[in-house]
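# Quick one, what's the 3D model for this:
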Amino acid sequence: MSHWREHFQRLDGAYAASTMRSYFCDVEQFEMWCQAEGVDAFPCSVEVLCRFIEEDGRRSAPSTVRRRVYAIRKAHRLMRLPDPTHDEDINLALRRVRRAKLSRPKQAKGITGDILEKLLAVQPETPWGLRDAAMLSMGYDLLTRRSELVALRTSDVVERGDGTLRVMIRRSKADPFGMGRIAFTSRRTADCVARWLDWRGPSIDPLFCGIYQGKPIDRSLEATFVKRLIKQSAREAGLDPEAVDGFSGHSLRVEGPKNS
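Just a heads-up that it's a prediction; the model follows:
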């Protein structure tokens, strides 16, 4: 039997180069797995392919596993071999992989008090640094969702006599009737916010606004900015790359002030 690589040459010109590379990579992965297991890759039995799907599903995303099955299907068709991928057991194996991933949602890595101090320490003494420090500190204190954090208005924040802030968090995912909730910050956050507002001035509606050409603009930041800020600050703080990968826009809510 001629090698599967020879048959894939027939696809030249019919598919994009990136698609061809993906096919080759996926079929190679499958072939190496079969060699390690001591089973035939071509033709492949339904039982063998189910085992491959199960094992690959433990380390790969469901979309990746499904893509590899499609590449294996293409190889069998090009070689005019019986195609095992249309068997109902293959469809069931793919569904199990998907459901297993859905039942184990990935938990964002939380930002502890110690980590927060490291993130704050790398914020520069610039308008951007003042804003970002205030955002990180407030998000940590209030356990806000990223959408809630960027939606805060200047009028939502009131100074208290003890050096902290009273904050009105308006309608959010957990507040469908728009009643809002009141939360309170630490003195650290109050100080960060005061320094930011001293530079920004009183005439901007969003508490945390954008900055263009060194000047504040009356426009809220996107919620995705929070994730970028956390990851960038963590990298600049020299945190472990694996830890940085685990951070998300929800990381400020996972641990919170209980670990301060």
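# use CA for all of it now, contacts and neighbours both
Noted.
# now the helices: where do they sit in the stretch 151-260 of the chain?
According to DSSP state H, counting those that start in this stretch, the stretch 151-260 of the chain carries its helices in the segments 187-200, 224-236, 241-246, 251-254.
# Quick check: which ranges of the protein have low pLDDT?
Applying pLDDT under 70 to the chain flags residues 1-2, 103-108, 171-179, 254-260.
# cutoff 50 now
1, 258-260 (pLDDT under 50).
# which residues in it form strands?
With strands called from DSSP state E, the chain shows them at 157-159, 165-169, 181-184, 209-212, 215-220.
# Contact partners for T144?
Under the criterion of C-alpha atoms under 8 Å, 6 or more residues apart in numbering, the contact partners of T144 comprise L252, R253.
# Quick check: phi and psi at it.
Dihedral angles phi and psi of T144 (degrees, to the nearest 10) take the values phi -80, psi 150.
# Go through the helices of the stretch 151-260 of the chain and name the closest to P127.
helix 187-200 (7.0 Å; C-alpha to C-alpha).
# Just the C-alphas of the closest one, formatted as CSV.
What follows is helix 187-200, C-alpha atoms only, in CSV (Å, rounded to 0.1, in the frame of the first residue of the first chain):
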residue,chain,number,x,y,z
ARG,A,187,-7.9,52.8,52.0
ARG,A,188,-5.4,51.6,49.4
THR,A,189,-8.0,51.7,46.7
ALA,A,190,-9.2,55.1,47.8
ASP,A,191,-5.7,56.5,47.5
CYS,A,192,-5.2,55.0,44.1
VAL,A,193,-8.5,56.4,42.9
ALA,A,194,-7.7,59.8,44.3
ARG,A,195,-4.3,60.0,42.5
TRP,A,196,-6.0,58.9,39.2
LEU,A,197,-8.8,61.5,39.6
ASP,A,198,-6.3,64.2,40.4
TRP,A,199,-4.8,63.8,37.0
ARG,A,200,-8.0,62.9,35.1
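# what helices or strands is it leaning on?
Identification of packing neighbours for helix 187-200 by 3 or more C-alpha pairs under 8 Å, 6 or more residues apart in numbering; DSSP states H and E yields helix 127-142, strand 165-169.
# Tell me which of those sits most buried.
Highest mean neighbour count among the helices and strands packed on helix 187-200 (mean count of other C-alpha atoms under 10 Å): helix 127-142, with a mean of 22.
# Not counting that one itself, show me its contacts.
For helix 127-142, the external contacting residues (C-alpha under 8 Å, 6+ apart) are 111, 116, 120, 123-124, 145-146, 149, 183-186, 188-189, 192-193, 195-196, 199-200, 208, 211, 214, 229-230, 252-253, 256-257.
# May I see the buried residues of stretch 77-95?
L78, M79, D83, P84, T85, I90, A93, L94 (16 or more other C-alpha atoms under 10 Å).
# H3 versus the first one, what's the distance?
So the one you mean is L78. Look at L78 and H3: by C-alpha to C-alpha, to the nearest Å, they are 11 Å apart.
# for the third one, same thing?
Between D83 and H3 the distance, using C-alpha to C-alpha, works out to 17 Å.
# for the second one, same thing?
Remark: distance between M79 and H3 (C-alpha to C-alpha) = 9 Å.
# cool, the fifth one as well?
With the distance defined as C-alpha to C-alpha, T85 ends up 20 Å from H3.
# who are the neighbours in contact with S233?
Residues counted as contacts of S233 (C-alpha under 8 Å, 6+ apart) are L119, V122, Q123.
# List the contacts of the second one.
With contact taken as C-alpha under 8 Å, 6+ apart, V122 is in contact with S233, E236, A237.
# hmm, 10 Å instead?
By C-alpha atoms under 10 Å, 6 or more residues apart in numbering, the contact list for V122 reads G129, A133, S233, A234, R235, E236, A237, G238.
# Now tabulate the residues you listed in TSV and tack on distance to F52.
Compiled in TSV, the contacts of V122 are given as follows (distance: C-alpha to C-alpha, whole Å):
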residue	distance to F52
G129	49
A133	48
S233	40
A234	37
R235	37
E236	40
A237	41
G238	38
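# Between those, which sits nearest F24?
Out of the contacts of V122, the one with the shortest distance to F24 is R235. That distance is 34.5 Å, counting by C-alpha to C-alpha.
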